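My questions are about this predicted structure, shown below with the sequence.
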Amino acid sequence: GRSIDERSPRIESRKVFGHWECDLVLGHKTKDDDVLLTLCERKTRQFFMIKIEDKTSASVMKAFDKLREYYGSKWNQIFKSITTDNGSEVADLSDLEQVSKTIVYYAHPYTSCDKGSVERHNGLIRRYIPKG
């Protein structure tokens, strides 16, 4: 995927709407536990939490397909870019570039500060939904 190093300084400035950070929040680290897909818009800090079936790339893409269907023709204005981590569950996210104008960036490994907004929100979620 495209490295976060290629991300425009314009996105870093948080002055333009439409640039999102993405992550997953897991309950237990078991195969059959619920998973939350979390998205945070960098400028407005608008936040989405979507329950998905499991921690697979297929479930993540299914959630994004539903979002694309919901927003329809507005998708490209709302989701200009998405920054996520390098986990296998988001490996197929770059497929969005084939079907829309959304650009997907992957953060440096083990560098949660590359997507600090969504990580902060995930920390707030953990106050109410602790691990395990």
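That came through, no problem. Residues are numbered from 1 along each chain as shown.

longest single helix anywhere in the chain?
helix 57-71 (DSSP state H).

Report the buried residues of it.
The neighbour-count check on helix 57-71 (16 or more other C-beta atoms under 10 Å) flags Ser59, Val60, Met61, Ala63, Phe64, Leu67, Arg68 as buried. Using the backbone N, CA and C atoms, a C-beta is placed for each residue, glycine as well.

Nearest spatial neighbour of Val25, chain-adjacent residues omitted?
What sits nearest to Val25 in space, not counting adjacent residues and going by C-beta to C-beta, 6 or more residues apart in numbering, is Leu36, at 4.2 Å.

scratch that, Phe64
Leaving aside its chain neighbours, Phe64 sits nearest to Leu96 (6.5 Å; criterion: C-beta to C-beta, 6+ apart).

Isn't that neighbour up against Val104?
Yes - in this structure, Leu96 is within contact of Val104 by C-beta atoms under 8 Å, at 5.9 Å.

got any residues that touch both of these two?
Ile82 (C-beta atoms under 8 Å, 6 or more residues apart in numbering).
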